[in-house]
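Trainee: sequence and predicted model, in that order:
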Amino acid sequence: MRCIVATAAMILKLHPLPAIAQGPRQEYRQLHLGVEVRLVVATADRAGADAAARAAYAAIAELEQTFSDWRPTSEARRLGAHHGEWVTVSEPLLQLTTRALAVARASHGAFDPTVGPLVAVWREARGSGVLPTESAIARARHAVGWRRVHVDRTRGAIKLDAEGMRLDFGGIAKGYILDSARQVLQQHGFASVMLDAGGDIVLGDSPPGEAGWRVAVATARGDTTLVLARVAVGTSGPGEQHLDVGGVRYSHVIDPRTGRALTSPTQATVIHPLGMMSDALSTMITVLGAEHGSRVAKGLGAVAIFVSNPPAP
């Protein structure tokens, strides 16, 4: 069990602080992205916060329809039906694909947005309770490979080379969507906000009169409370989606290089200025391992990294 901490242009308060009085806050919860998405706005203006939250949730729903791997009608899924062709796409899909490919390049494919065919194979295995066959994994791997995705920002288009390719942004889209929702809240005049969606957190300015938002992070020494603002916190690791066969727990996270689900209980938390990057880099570290993954994450702008091995359930 180990913990790695890397700090950059920011000081993290790593010890719990005495209780402090909280100013007025408005809180909202809706189901999106397969999880409960919680918005907290530090304001006494309930009517203004209500309007801002409605706009933020509308943006979340729209982007979910853009990126979803589950919805056959999503823009990302429809892109896979046009392999070998340049397809004009929305600016969010262009932005997210560009960023995902940058992480794929830096990690030499440990993070790969084309992992969709393998995700589908292991998703079916979790449903049946039976490990996928070697032939099924091999077939899926033929349609996986980030180098076969091309982005032309000038024409605003993407091309997938191989038949059967299927983009899956499960390791990065949630953070991007929370980043976008934070921007919507700020456009409505609310900068002191916190957004939380199943392990991914995006923070705006500190609440008035406070040092920051309190976030609990698991480390090798137990939970630590951080006081943070204007950053994102992404956590990846053992979750509810898994497959247990022969005493081995297979994670929902797939190593795109081998086509196999992870069996390590490694949990990684990454703090980065952008939600999409904290999301992607925490996933990448669980694939690459603590030492190598942390080096790559620091090179991509991570402010702090915590890696631990929680006890088996």
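Mentor: Great, that's in hand.

Trainee: specify the local secondary structure of residue 31.
Mentor: strand (DSSP: H, G, I helix; E, B strand; the rest coil).

Trainee: could you do residue 61 as well?
Mentor: Secondary structure, three-state DSSP: residue 61 is helix.

Trainee: quick one: neighbours of it, just the number.
Mentor: Per other C-beta atoms under 10 Å, the neighbour tally for residue 61 reads 14. Quick note: C-beta positions are derived from backbone N, CA and C, even for glycine.

Trainee: can you list the weak-confidence ranges in the stretch 201-313 of the chain?
Mentor: Low-confidence segments of the stretch 201-313 of the chain (pLDDT under 70): 238-240, 310-313.

Trainee: strands along that one, start to end?
Mentor: 213-219, 222-228, 232-236, 242-245, 248-251, 254-255, 260-261, 267-272, 304-308 (DSSP state E, counting those that start in this stretch).

Trainee: now those as TSV including mean neighbour count and distance to residue 291?
Mentor: As requested, these are arranged in TSV below (neighbours: other C-beta atoms under 10 Å; distance: least, C-beta to C-beta, whole Å):
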stretch	mean neighbour count	distance to residue 291
strand 213-219	18	16
strand 222-228	16	21
strand 232-236	26	17
strand 242-245	15	25
strand 248-251	17	19
strand 254-255	24	16
strand 260-261	20	21
strand 267-272	27	12
strand 304-308	25	9
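
Trainee: and the ones you listed: which comes nearest residue 167?
Mentor: Taking C-beta to C-beta, strand 254-255 is the member of these nearest to residue 167, at 14.0 Å.

Trainee: and the closest one, which strands flank it?
Mentor: Using DSSP bridges, the strands paired with strand 254-255 are strand 260-261 (antiparallel).

Trainee: so what touches the strand it pairs with?
Mentor: By C-beta atoms under 8 Å, 6 or more residues apart in numbering, the residues outside strand 260-261 that reach it are 122, 137, 243, 250, 251, 252, 253, 254, 255.

Trainee: which one of the residues you listed is nearest to residue 296?
Mentor: residue 255 (14.6 Å).

Trainee: do I have it right that that closest one meets residue 262?
Mentor: Yes: using C-beta atoms under 8 Å, residue 255 is in contact with residue 262, at 6.2 Å.

Trainee: anything in contact with each of the two?
Mentor: Common neighbours of residue 255 and residue 262 (C-beta under 8 Å, 6+ apart) are residue 287.

Trainee: and residue 190, helix, strand or coil?
Mentor: coil.

Trainee: which phi and psi does it have?
Mentor: The phi and psi values for residue 190, taken as degrees, to the nearest 10, are phi -120, psi 100.

Trainee: do you know how far it is from residue 49?
Mentor: Between residue 190 and residue 49 the distance is 6 Å, computed by C-beta to C-beta, to the nearest Å.

Trainee: for residue 88, same thing?
Mentor: In terms of C-beta to C-beta, residue 88 sits 37 Å off from residue 49.

Trainee: those two: who's more crowded?
Mentor: Counted by other C-beta under 10 Å, residue 88 and residue 49 do not tie: residue 49 has more neighbours, with 25 against 10.

Trainee: just checking, what packs against the helix or strand hosting the more buried one?
Mentor: Assigned by DSSP states H and E, residue 49 belongs to helix 46-67. Secondary-structure packing of helix 46-67 (3 or more C-beta pairs under 8 Å, 6 or more residues apart in numbering; DSSP states H and E): strand 26-32, strand 35-41, helix 75-79, helix 91-106, helix 173-187.

Trainee: dump that helix to CSV, keeping only the CA atoms.
Mentor: Backbone C-alpha positions of helix 46-67 (Å, rounded to 0.1, in the frame of the first residue of the first chain) are rendered in CSV as follows:
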residue,chain,number,x,y,z
ARG,A,46,-32.4,30.7,-4.0
ALA,A,47,-34.3,31.9,-7.1
GLY,A,48,-31.1,32.7,-9.0
ALA,A,49,-29.4,29.4,-8.0
ASP,A,50,-32.5,27.5,-9.1
ALA,A,51,-32.4,29.0,-12.5
ALA,A,52,-28.6,28.3,-12.8
ALA,A,53,-29.0,24.7,-11.6
ARG,A,54,-31.7,24.1,-14.2
ALA,A,55,-29.4,25.4,-17.0
ALA,A,56,-26.5,23.3,-15.7
TYR,A,57,-28.5,20.1,-15.6
ALA,A,58,-29.8,20.9,-19.1
ALA,A,59,-26.2,21.2,-20.3
ILE,A,60,-25.3,17.9,-18.6
ALA,A,61,-28.2,16.1,-20.3
GLU,A,62,-27.2,17.5,-23.7
LEU,A,63,-23.6,16.4,-23.4
GLU,A,64,-24.6,13.0,-22.1
GLN,A,65,-26.4,12.5,-25.4
THR,A,66,-23.3,13.6,-27.2
PHE,A,67,-20.8,11.2,-25.4
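
Trainee: cheers, nothing more for now.
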